[in-house]
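**Student:** Structure for the following, please:
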Amino acid sequence: MLTYIKESVEELRNNVTLPSRAESSNLMVVVAVFSILFALATWGVDSAFAQVIKAYFGFLSGN
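**Tutor:** The predicted structure follows:
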């Protein structure tokens, strides 16, 4: 287990490069925009299903 940890730390030090600050900022904006779009899409589908269910049960109860 200790060997695995040592090799992992060594690989992180030698083979992993972090993106620049500008690239990180750009990626953060992309993730935020897609998160908002996905949340809006989820809200829209949820609202549509809620209306369908209300209409279905209203039809069943005769209202």
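
**Student:** going forward, measure contacts between C-alpha atoms and count neighbours the same way
**Tutor:** Noted.

**Student:** residues in contact with the spatially most central residue of the chain?
**Tutor:** For the chain, the residue nearest the mean C-alpha position is Ser35 (5.6 Å; Cα atoms, centre = their mean). Applying Cα atoms under 8 Å, 6 or more residues apart in numbering to Ser35 gives no contacts.

**Student:** Quick check: it vs Ala48, distance?
**Tutor:** Separation of Ser35 from Ala48 (Cα to Cα, to the nearest Å): 20 Å.

**Student:** on that earlier part again, what strand or helix carries the residue nearest to the centre of the chain?
**Tutor:** helix 21-61 (DSSP states H and E).

**Student:** Could you list the low-pLDDT ranges of this structure?
**Tutor:** The model of the chain has pLDDT under 70 over residues 63.

**Student:** now with 90?
**Tutor:** Along the chain, the model assigns pLDDT under 90 to residues 16, 58-63.

**Student:** show me what contacts the residue of it most remote from its centre?
**Tutor:** Computed with Cα atoms, centre = their mean, the maximum C-alpha offset from the centroid of the chain is found at Gly62, amounting to 40.9 Å. Counting by Cα under 8 Å, 6+ apart, Gly62 touches no other residue.

**Student:** Work out the gap between the helix or strand Lys6 falls within and the centre of the chain.
**Tutor:** Lys6 belongs to helix 2-15 when assigned by DSSP H and E. Distance of helix 2-15 from the chain centroid (Cα atoms, centre = their mean, to the nearest Å) equals 29 Å.

**Student:** For that helix, which helices and strands make contact with it?
**Tutor:** Identification of packing neighbours for helix 2-15 by 3 or more Cα pairs under 8 Å, 6 or more residues apart in numbering; DSSP states H and E yields no helix or strand.
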